[in-house]
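Participant: Provide a 3D model corresponding to the input given below.
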Amino acid sequence: MNFKTSFLMGALTIGILAGNAAADAISFGPIDGPIFTGGVETNTGGIDAFNGPGVRFLPCSPTDTLSTNICASLSYQTTPQPGFTATLQAFPVDFAGPSDNATLARAGGEMLYFFAVVGPLSPHPIPLIVNTFWEVDYTPAVCCDPPAIISGFRYDAGIRVDAVDTVGSTQSVFQNIAPGFLPGFHVLNTFALPGTEYDIALILDRMELSNGGSVQAGTGPASARLFVDPIIGFAPGFDSTGYSIVVSDGISNGATGGSAVPEPAGWLLIAPGILLLLGRGARKKLAERRTRH
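Facilitator: Numbering: from 1, shown residues only. Sure, this is the predicted structure:
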């Protein structure tokens, strides 16, 4: 966790002595840049690791190219919001060479970026939410008679936010991304002190896909895809006037506070209110009709 506190105490002190209310605001210097680690691996193509944004991929054989069958790829995105996509394919054992071992594709890594709340001093930490979305797709390989699944898929990932709790003590909140957890939209609640740098980590601990079938048995490839995507904002009900959230250079934080279109998670929050207003309008029109008749 990186806590880089950038309080410009000299300017703040001068402002307080001058009696200027604007002096209660905290200035903040440049945010640390994002950090990308990890890579992909297959037992037919080697290892491709990297330390930057973009795509890393391994073909299914040394003669394949990116435009044909990709056995493993890991892509970090920075716009329109941070996220990563891991895609794997595992072909039948015939692609594994003379050993006839099951083909295996792996991906793993971490995208770490930083954020801070900029604005007036506050006696309490600023409430934040991280709207997250993740989805996973898996198409198994099926073989033989009677048909049976002969591929295996495992994944373990998560989103970690290092910030503070309601009283300003250091706290990490974590969303698990693994079998048994429901994909879709989720919300993480956290807090931040103005003028302090915190971090968000998109973690892919492990993603593995294997295929133990053979071309002769009519087995096709197994495939899997995992997508993770968070957006940080102020918690509903908090008056964010005078406050803003800054993130690592090059990272886009999705829809801004001025956006006219809520994020999908936001629709879940405002939908009950919309339904209530529609219901009131319908009842009013019904009452007017009864009065006229």
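Participant: now for residue 192: which residues touch it?
Facilitator: Applying CB atoms under 8 Å, 6 or more residues apart in numbering to residue 192 gives the contacts 115-117, 125-126, 128, 163-164, 198. For the C-beta atoms, the positions are set from N, CA and C on the backbone; glycine is no exception.
Participant: how far away is it from residue 34?
Facilitator: Distance, residue 192 to residue 34, using CB to CB, to the nearest Å: 18 Å.
Participant: before we move on, back to that, can you pick out the most distant pair from the contacts of residue 192?
Facilitator: 115 and 125 (13.9 Å; CB to CB).
Participant: which phi and psi values does residue 93 adopt?
Facilitator: Dihedral pair for residue 93: phi -60, psi -20, per degrees, to the nearest 10.
Participant: quick one: contacts for residue 30?
Facilitator: residue 249.
Participant: so which strand or helix has it?
Facilitator: Secondary structure assignment for residue 30, by DSSP states H and E: no helix or strand.
Participant: ok, now residue 134?
Facilitator: Using DSSP H and E, the element containing residue 134 is strand 126-139.
Participant: now whatever helix or strand comes next after that strand: average pLDDT?
Facilitator: Per DSSP H and E, the first helix or strand lying C-terminal to strand 126-139 is strand 142-143. On average, the pLDDT along strand 142-143 is 89.
Participant: closest to residue 209 among the contacts of residue 192?
Facilitator: Distances from residue 209 to these, taken by CB to CB, are shortest for residue 115, at 32.9 Å.
Participant: count the neighbours of that closest one for me.
Facilitator: 22 (other CB atoms under 10 Å).
Participant: mind listing the strands the helix or strand harbouring residue 110 pairs with, and their directions?
Facilitator: Here residue 110 sits within strand 103-118, counting by DSSP H and E. Strand 103-118 has the following strand partners under DSSP bridges: strand 35-42 (antiparallel), strand 198-211 (antiparallel), strand 244-247 (antiparallel).
Participant: nearest to residue 146, out of these?
Facilitator: strand 198-211 (18.6 Å).
Participant: right, and the helix or strand after the closest one?
Facilitator: Strand 198-211 is succeeded, C-terminally, by strand 222-234 (DSSP H and E).
Participant: check which helices and strands that next one sits against.
Facilitator: Counting contacts by 3 or more CB pairs under 8 Å, 6 or more residues apart in numbering; DSSP states H and E, strand 222-234 packs against strand 83-90, strand 126-139, strand 151-164, strand 198-211, strand 244-247.
Participant: state the mean pLDDT of the second one.
Facilitator: In this model, strand 126-139 has a mean pLDDT of 96.
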